[in-house]
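Trainee: fold the following for me, if possible:
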Amino acid sequence: MMKVQVPVNCLFQGCYNPEFEAEISKCKDKCYSYNQLNPNDRETQRQMLAGILGKMGENVIFTPPFWCDYGYNIFVGDYFYSNHNLIITDGAKVSFGDNVFIAPNCCFTTAEHAIDPEQRRMGLEIAKPIAVGNNVWIGAGTTVLAGVTIGDNSVIGAGSVVSRSIPANVVAVGVPCRVMRKITEEDKYRYPVYRGA
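Mentor: So this is what the prediction gives:
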């Protein structure tokens, strides 16, 4: 499989670029086919994801619909779960550690367009990688922007716009997303545990 190399952290001709558009079109076809599957057909989903993603660990679930731009710039660890309507614009690398949970309607975008209007009209954009650590939970309706790193064990509250990196072991929420507090031993006892009948 041919992979186009998008320049990282510098402006490049992203729009109106036939080479990039062809790669994105191929990936959209794969995503479309994936999204037509029965949502319970995990085996076929896994086979198709292996042809979309750059790397995929064990027990990986992307609940349809799922959309991305290139696919091969997405690297996923073990025990990954995303709920419906995940969008990843992966012009740069997007990596997820192990045991990552993503709620519905989330977006991870490595792309930024030029701020200068003339450069933007010319189709110049920039791609910055996104890295999500291990044991991270991303709440519903969250947008994670280009260049962000989210540290291990952290929780991002629903509806957040993550425009700067978030350290490990914290709860962060808001627009823009800010650290609210550290995760502590007391969080083990925050909710009662159902022990069964």
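Trainee: partner strands of the worst-scoring helix or strand of the chain on mean pLDDT, parallel or antiparallel?
Mentor: Within the chain, no helix or strand scores below strand 12-13, which has a mean of 82 by mean pLDDT, DSSP states H and E. Paired with strand 12-13 in the same sheet, following DSSP bridges, are strand 124-127 (antiparallel).
Trainee: now find how far off-centre the partner strand is within its chain.
Mentor: Mean-position distance between strand 124-127 and its chain equals 18 Å (CA atoms, centre = their mean, to the nearest Å).
Trainee: next helix or strand past it?
Mentor: Next in sequence after strand 124-127, counting helices and strands by DSSP states H and E, comes strand 130-132.
Trainee: what packs against the helix or strand that that following strand is followed by?
Mentor: Using DSSP H and E, the helix or strand that directly follows strand 130-132 along the chain is strand 137-138. In this structure, strand 137-138 packs against strand 101-102, strand 155-156, with contacts taken as 3 or more CB pairs under 8 Å, 6 or more residues apart in numbering; DSSP states H and E. Every residue, glycine included, has its C-beta placed from N, CA and C.
Trainee: most tightly surrounded among those?
Mentor: With neighbours taken as mean count of other CB atoms under 10 Å, the helices and strands packed on strand 137-138 reach their highest mean count in strand 155-156, at a mean of 23.
Trainee: what residues does it touch?
Mentor: Residues outside strand 155-156 that contact it (CB atoms under 8 Å, 6 or more residues apart in numbering): 136-139, 142, 144, 150, 162, 166, 170-173, 177, 183.
Trainee: if we go to 10 Å?
Mentor: 101-103, 106, 132, 135-139, 142, 144, 150, 162, 166, 169-174, 177, 180, 183, 187 (CB atoms under 10 Å, 6 or more residues apart in numbering).
Trainee: residues in contact with the least confident helix or strand of the chain?
Mentor: With CB under 10 Å, 6+ apart as the criterion, strand 12-13 contacts Val6, Pro7, Glu19, Phe20, Gly91, Met122, Gly123, Leu124, Glu125, Ile126, Ala127.
Trainee: if we use 7 Å, what do you get?
Mentor: Contacts with strand 12-13, where a contact means CB atoms under 7 Å, 6 or more residues apart in numbering, come from Val6, Gly123, Leu124, Glu125.
Trainee: show me the shaky parts of the chain.
Mentor: Residues of the chain meeting the criterion pLDDT under 70: 1-2, 197.
Trainee: contacts only, for the residue most central in space within it.
Mentor: With distances taken as CA atoms, centre = their mean, Phe108 lies nearest the centre of the chain, 4.1 Å away. Applying CB under 7 Å, 6+ apart to Phe108 gives the contacts Ile88, Val94, Ile130, Val144.
Trainee: check which helix or strand it maps to.
Mentor: strand 107-109.
Trainee: and Ala22, by the same measure?
Mentor: Using DSSP H and E, Ala22 sits in helix 18-35.
Trainee: does Gly141 belong to a helix, a strand or coil?
Mentor: Here Gly141 is coil, with the state taken from DSSP: H, G, I helix; E, B strand; the rest coil.
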